[in-house]
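Colleague: give me the fold of what follows.
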Amino acid sequence: MSDRHDGAAGEPLRRLFVYNGGFWRQPRLRRILELAGWRLTVGLPRAGGDVGVWGASPVAWRGRAIAARRGAAVVSVEDAFLRSVLPGRARGRVARRGPIGLLIDPDGLHFDPSRPSRIERLVLSGIGDAMTRRAKDGIARLRALDLSKYNAHDPDLPAPDPGYVLVIDQTQGDASLMGAGRETFLAMLHAARAEHPARRIVLRTHPETAAGLRPGHLHRTDLRAEDAICDAPISPWRLLEGASAVYAVSSQLGYEAVLAGHRPRLFGQPFYAGWGLTEDEAPLPPDRRGRASRQTLFAASHLLAPVWYDPCRDRLTDFDGALHQLQAEAAVWRQDRHGHTAYGMRLWKRPFIDRAFGDARPVRFVSRPSPRVTLAWAGRAGATPQAARVEDGFLRSRGLGAELTPPLSLVADDLGIYYDPTRESRLERLIAQPLPPGGRDRAQALVAAIRAAKLSKYNIGGPPRALPDPNGRRVILVPGQVEDDASIRLGAGDERRNLDLLKRVRAENPDAFLIYKPHPDVEAGLRQGAIPPRDLSLLADHVIRDADPVAVLAQVDEVWTITSTLGFEALLRGVKVTTLGAPFYAGWGLTRDLGPVPSRRRARPDLAQLVHACLIAYPRYRDPLTGLPCPPELALERLTDQAAGKPGPGLRLLAKAQGALAGHSWIWRR
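Modeller: Below is the predicted model:
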């Protein structure tokens, strides 16, 4: 839940009289206000009532005038400092989603210096040590995740050569300017030029100006030949890294400059001025604000003042919850920003591929390979080497892919694919990287949640089964695999069949109690890999069928496998793993490896680093209920829901047809 708000659960909603049509046109805006305890209404308030206005919008005067006449209080509403992927004025379904958080302020407006706002009062009231530590971590995470108010950044664009003076433009009519116009911006530009005569100026335009939605104040003709305009979707944090000085009027980018360690020169009076963190051209009265650290200011502006919203769970959340959601949406947008042409996708997969990769533009499916293809199903990507390879993620669904159950998670690997050790994959690079700020805590919490919910890749369940008494013998689980699966073809060692695997395990562990678990697709008769019953009876002490693999893992000492994902799930639960092939989790020092592991896997991550790469950084998740990109924590919750993510009636019918034609399993191969 939020640091300040509990959604007023069980309490009557307080009426908020509004006279701005924008409140009624934006469903998410109304929903956030409702969860925060407000019910929008029309009419005239009584004395002591509340009138809602949108910041300093052109029609805010209506609400303020009515409130003054009726003796009502004014409640100002504005976007929070993390809003969305695209600006609100942009077009398309992503822009229509609305804000991820609001500032609902009964005290004032954060950008209006004429009276204290809620942010200002929070700073002055003092922020404790615990909140200060959270703020420090939050700033680091924002920078590492490259998140700002708007987040349609293009990570492939180069930033200007460092050493420039960054001058920040804003849109004409921006309410935070409090009436400042072109003259103010020209004065700022002239000051930057006079104070740094030998340095190049980079003029940063507002994203809405770059998109042609609203004009700015400064133009190319205002600059020298050696200066530059930056109107490309380059991350604000990357721009700040290369700046030697920053000039702003009241832009949020000026605030982010403070958070990045700059001391910007300000020509307005934004909420972050007057705390000793900026050089103020128009200082506030000396007794108005005082001194504050950037962590204190951030705690007020991002942790305490906003009302954050979780659109997938449809409830209020805290800063961390909003950050996780916006990270998921931004990551998808940045990877898909140019649109996709997809090859090798079977007809039943195309709807969820379009949902997963079509936020920016609908996915175009083609039946033949071409240089234009940007996505290819990994098993058919050989004809399109330039395309990112698509595969299921490691928390996939409640049901088998062979049963045509749509996945909650997918990966799109621009280097290789995780199950192919013959070439480097994007996952390998992620595993070898240091954890981002907050990454360890998040990964450990995710592992704890997976264990508590007893989740696995497919979550097909099965009745709980107690294993026979091993009489003190070491218990080894041997998971069978699909023998013509790509992970076997590309990553197996000497043992490439389930029978050979079982023989090797028995030969090296003659006294152990061996449990063999056939692969679900093989059990269903859909894929290759069955072991003859006589061989099975001679090598295995026990065979478990139609059983929950998580329940079995809780009863064994070790797992021996070629490349099965069950080895990864064993690692999550602290079970020792021996590999005979080169699965994605082998070669990092976390497993005993007897197979041909690539020598390039030299990093030695711990379990948290492996989990962060495999379950947080590498896949993308899509909420089956809202259709939104979502974080893995939400996917976990959906996987505990028996109904979420199950195939529709059409796919269920197709799955039955697949079962009837099981002898022709090539039809259903990926």
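
Colleague: could you look up the SS state of the residue of the chain positioned farthest from its centre?
Modeller: Relative to the C-alpha centroid of the chain, counting by CA atoms, centre = their mean, R534 is the outermost residue, at 49.3 Å. Per DSSP: H, G, I helix; E, B strand; the rest coil, the secondary structure class of R534 is helix.

Colleague: can you pull the contacts of Q528?
Modeller: Counting by CB atoms under 8 Å, 6 or more residues apart in numbering, Q528 makes contact with 482-484, 522, 665. Glycine gets a C-beta too; all of them are placed from N, C-alpha and C.

Colleague: show me what contacts the residue nearest to R238 when sequence neighbours are not counted?
Modeller: Of all residues beyond its chain neighbours, the one nearest R238 is A159 (4.6 Å), with distances taken as CB to CB, 6 or more residues apart in numbering. Contact analysis of A159 by CB under 8 Å, 6+ apart lists 234-235, 238-239, 241-242.

Colleague: and if we set it to 7 Å?
Modeller: Shown in contact with A159 (CB atoms under 7 Å, 6 or more residues apart in numbering): 234, 238-239, 242.

Colleague: of these, grab the buried ones for ChimeraX.
Modeller: Here is the ChimeraX command that picks out the buried ones among the contacts of A159, judged by 16 or more other CB atoms under 10 Å:
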select :234,238,239
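
Colleague: dump the contacts of A159 into CSV; add secondary structure, distance to D320 and pLDDT as well.
Modeller: Shown next, in CSV, are these (DSSP: H, G, I helix; E, B strand; the rest coil; distance: CB to CB, whole Å; pLDDT from 0 to 100):
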residue, secondary structure, distance to D320, pLDDT
I234, coil, 26, 95
R238, helix, 24, 95
L239, helix, 26, 97
G242, helix, 29, 97
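
Colleague: for the contacts of A159, which one is nearest K349?
Modeller: Set against K349, the nearest of the contacts of A159 by CB to CB is I234 (34.7 Å).

Colleague: in stretch 96-107, which residues are buried?
Modeller: Result for stretch 96-107 [16+ other CB under 10 Å]: buried residues 97-105, 107.

Colleague: let's see which of those residues end up in strands.
Modeller: Judged by DSSP state E, strands contain the following of those: 101-105.

Colleague: quick check: the two most widely separated of these?
Modeller: Between any two of these, the greatest separation by CB to CB is 12.8 Å, found for G101 and D105.

Colleague: one step back: part of a helix, is the residue nearest to R238?
Modeller: No. Going by three-state DSSP, the assignment for A159 is coil, not a helix.

Colleague: what is the neighbour count of S537?
Modeller: When counting by other CB atoms under 10 Å, one arrives at 11 neighbours for S537.

Colleague: and the one 4 residues further on, by the same measure?
Modeller: Other residues within reach of D541, judged by other CB under 10 Å, total 17.

Colleague: check R64 too.
Modeller: Per other CB under 10 Å, the neighbour tally for R64 reads 16.

Colleague: helix or strand for it, which one?
Modeller: Applying DSSP states H and E as the criterion places R64 in helix 60-70.

Colleague: who touches whatever helix or strand comes next after that helix?
Modeller: Once the chain leaves helix 60-70, the next helix or strand it forms, by DSSP H and E, is strand 73-79. Residues outside strand 73-79 that contact it (CB under 7 Å, 6+ apart): 16, 50-55, 63-64, 67, 99, 102-106, 108-110.

Colleague: next: stretch 377-389.
Modeller: For stretch 377-389, contacts defined as CB under 7 Å, 6+ apart pick out 343-345, 369, 371, 373-376, 390-391, 412-414, 416-417, 486, 670.

Colleague: just the buried residues of those residues.
Modeller: Here, 16+ other CB under 10 Å leaves 343-345, 369, 373-376, 390-391, 412-413, 416-417, 486, 670 buried among the contacts of stretch 377-389.

Colleague: among the residues you listed, which pair sits farthest apart?
Modeller: Greatest spatial distance among the buried ones among the contacts of stretch 377-389 (CB to CB): T374 and A486, at 20.7 Å.
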